[in-house]
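*Asks:* model the structure of this input:
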Amino acid sequence: MGAKLVHGIDVRAVEAAVRAAEVGTSGEIRVCIAHFYSWGDVQRAAERAFLTLGMEQTRHRNGVLVFVAARRRRLVVLGDVGIHRLVAPTFWGELTGRLVTAFKAGDRTGGLERAVAEIGEQLARHFPPDPGPNINELSNEVARER
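*Replies:* Predicted structure coming up:
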C-alpha cells in the first residue's frame, strides 16, 4: 500500500500514529483536514469540527482534535474539558508552535505524527486505559472537512 496524500500529508501514517498513541490511554485523538477552508476564523472552524465529529461525547471528555486548514496554513489543537483542565496551559500553544514549525519546514506528516504522539503521552498520563478492553470511542480516520 502506498501513501495516501492529502495536502502533502500521508493520511495512513497519521492514522497509524493515532492508533499507536491511543493504545496507552482511554483518551481519543482525531485529526481533521479542512480541504477548502478559506474564510473566517480558523479557531471557530475547529470548534465546529470538534462538535461535528462528536469529540465532546467521550466518556471522560478527553478527546483532542488537531484541525489543519492546509490552504490557509493554520492549525488549531483543541482538547475537551477533561484533558484541557489537566495539562499545563502552555502545552497546547507549544504543541501548536512545533506543529506550525514542522509544516513550514515541509514536514507535515512527521509534524502530525510527533504531535499525535505528544498528545497521546499527555492523555496516557492523565487518562490511562480503563479496566477491560480499551474501547475506541471515536474513529481513528483522518476526517476531511469540505
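
*Asks:* next, the buried residues of the longest helix out of those in the chain.
*Replies:* If you go by DSSP state H, the chain has its longest helix at helix 108-126. Of all the residues in helix 108-126, those buried under the rule 16 or more other C-beta atoms under 10 Å are 108-116, 118-120, 122-124, 126. For the C-beta atoms, the positions are set from N, CA and C on the backbone; glycine is no exception.

*Asks:* and for stretch 35-51?
*Replies:* 37, 42, 45-47, 49-50.

*Asks:* report the strands that pair with the least confident helix or strand in the chain by mean pLDDT, each with its relative direction.
*Replies:* When each helix and strand of the chain is scored by mean pLDDT, DSSP states H and E, strand 5-6 comes last, with a mean of 79. Partners of strand 5-6 in the sheet, by DSSP bridges, are strand 9-10 (antiparallel).

*Asks:* check which element follows the strand it pairs with along the chain.
*Replies:* Where DSSP states H and E defines the elements, the next helix or strand beyond strand 9-10 is helix 11-22.

*Asks:* following element in sequence after that following helix, please.
*Replies:* Using DSSP H and E, the helix or strand that follows helix 11-22 in sequence is strand 28-34.
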